[in-house]
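1. here is my input, please return the structure:
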Amino acid sequence: MSHHRPIRPQDRHGFDAIIDARTPAEFAEDHLPGAINCPVLSDEERATVGTLYVQRSAFEARRVGGGLVAANLARHLAGPLADKPITWRPLVYCWRGGMRSGSMVQWLRLVGWDAQQLAGGYKAFRRHVIGQIEALAPQLDLRVVVGATGSAKTRVLHALEAQGAQVLDLEGLARHKGSLLGALPGVAQPSQKHFETQIATALEGFDLGRPVYVEGESARIGRLSVPVPLVQRLRAAACIDIEAPPAERLAYLLRDYAYLGDDRTALAQRLAQLTELHGHATVQRWQAWAQAGDLPALFDELMRLHYDPHYGRSQQRNFACWDERRRVAAPDLSPAGIAALARALHDPE
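-> Sure, this is the predicted structure:
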């Protein structure tokens, strides 16, 4: 068995498993990619031990905490870890690389497994994520796909990826379509930290010598912020403008947002946010269409009165290379049309 050595975040690959020994709540907020959660203390137990530490003593906290940790480790050994062979090599981490992962590593090594501890724990990994985004974002050869609302930009990205291009799907990682009506029904957005972890993981996987296609996002997607180094790179990158006719865009939007008709009241409530921009009369008309489920009338006016008038101005403000953009006609936004569009965009490499 190899000796017990601290592992740095960049050396985390090559283990049979990555075990997060923190509580389920800590794990839910963010965790190392591919990690499984084997908490040595539950959320409630960790709170209890913390209270003992403050109100009684460090010894009392360790005595009670030690018993709880031992009981939880016994459960993991009898459960998820019961079938692991002697050759199994896990990497274990907690918040700071302290007692929680330390005690787990000690027990796993006593069993006979070559368990290692992540030096500095999740906090060190978090610093690594921020460092990777800062280091890699400026090096990306980005192709920013832009286009008026309903131009099927996200689908074009998916088609590009299917054709072998490198794609950074920020809306997919954010689980949000990026617009006022972009929340996905029944799907919560990840935490800001987990969003950044996913971005760093994607950047680490790219070949920096090849282009990366990305949608022209604003600095926020739903309630998440796109990391500043990536926003800066996006703003300076080459643009590809998808130009689809209004009728084709409307038909695409009606397919892509059909689910908004399922909860008409929620849709009407969201439209209220536009009152300041468009006035009560217009928004009330839109809300009446929402309540009636008349999405064709609603989307047609939203496109013409809300999205399209500001499109050119906002793009010019946001993208330094807007005036030199490459324009691509998209007469057909059916699946076959989108696949053809992606082939036209894909730089011959």
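2. for the stretch 151-300 of the chain, which segments count as helices?
-> 153-162, 170-174, 192-204, 228-236, 246-256, 264-271, 275-278, 280-292, 295-301 (DSSP state H, counting those that start in this stretch).
3. residue 127: which of those helices is closest?
-> Of all those, helix 192-204 sits nearest to residue 127, with 11.1 Å by CB to CB. For glycine as for every other residue, the C-beta is placed from the backbone atoms N, C-alpha and C.
4. residues contacting the residue positioned nearest the centre of the chain?
-> With distances taken as CA atoms, centre = their mean, residue 173 lies nearest the centre of the chain, 2.9 Å away. By CB atoms under 8 Å, 6 or more residues apart in numbering, the contact list for residue 173 reads 190, 195, 198, 199, 202.
5. closest to residue 14 among these?
-> residue 202 (19.8 Å).
6. what sits against that closest one?
-> 168, 173.
7. and residue 140, by the same measure?
-> Applying CB under 8 Å, 6+ apart, we find residue 140 in contact with 168, 203, 206, 208, 212, 233, 237.
8. pretty sure the fifth one contacts residue 170?
-> No - when contacts are counted by CB atoms under 8 Å, residue 212 is not listed as touching residue 170 (11.3 Å).
9. these two: which has the busier surroundings?
-> residue 170 (23 against 20; other CB atoms under 10 Å).
10. residue 225 versus the more buried one, what's the distance?
-> 11 Å (CB to CB, to the nearest Å).
11. same question for residue 51.
-> In terms of CB to CB, residue 51 sits 34 Å off from residue 225.
12. looking at those two, which has the bigger crowd around it?
-> The neighbour count for residue 51 versus residue 225, taken as other CB under 10 Å, is higher for residue 225 (14 against 11).
13. per-residue pLDDT, the more buried one?
-> pLDDT for residue 225: 96.
14. got it, and residue 4?
-> pLDDT at residue 4 comes out at 68.
15. so residue 265 makes contact with residue 293?
-> No - under the criterion of CB under 8 Å, residue 265 makes no contact with residue 293, lying 11.1 Å away.
16. related to what we said a few turns ago, would CSV of the contacts of residue 140 with distance to residue 341 and pLDDT be doable?
-> Putting these into CSV (distance: CB to CB, whole Å; pLDDT from 0 to 100) gives the following:
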residue, distance to residue 341, pLDDT
168, 18, 97
203, 26, 97
206, 22, 97
208, 26, 95
212, 18, 97
233, 24, 96
237, 19, 94
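17. now, of those, which are buried?
-> 168, 203, 206, 212, 233, 237 (16 or more other CB atoms under 10 Å).
18. what's the closest non-adjacent residue to the first one?
-> Read it as residue 168. Closest residue to residue 168 apart from its sequence neighbours, by CB to CB, 6 or more residues apart in numbering: residue 214 at 4.4 Å.
19. quick one, phi psi at residue 117?
-> Backbone dihedrals for residue 117, given as degrees, to the nearest 10, come out at phi -110, psi 140.
20. give me the longest helix you can find in the chain.
-> In the chain, assigned by DSSP state H, the helix with the most residues is helix 58-78.
21. separation between the closest residue to residue 216 other than its chain neighbours and residue 198?
-> Spatial nearest neighbour of residue 216, chain neighbours left out: residue 146 (3.9 Å); criterion: CB to CB, 6+ apart. According to CB to CB, residue 146 and residue 198 sit 23 Å apart.
22. repeat that for residue 302.
-> Distance of residue 302 to residue 198, given as CB to CB: 30 Å.
23. so between these two, which is more surrounded?
-> Set residue 302 next to residue 198 and count neighbours by other CB under 10 Å: residue 302 wins out with 24 against 19.
24. ok, the more buried one touching residue 287?
-> No - using CB under 8 Å, residue 302 is not in contact with residue 287; the gap is 11.9 Å.
25. where does pLDDT dip in the stretch 1-150 of the chain?
-> Applying pLDDT under 70 to the stretch 1-150 of the chain picks out residues 1-4.
26. next, count neighbours for residue 157.
-> The burial count for residue 157: 24, using other CB under 10 Å.
27. give the contact list for the closest residue in space to it that isn't next to it in sequence.
-> Counting by CB to CB, 6+ apart, residue 157 lies nearest to residue 167, which is 5.0 Å off, once chain neighbours are set aside. With contact set as CB under 8 Å, 6+ apart, residue 167 has these partners: 157, 158, 160, 161, 212, 213, 214.
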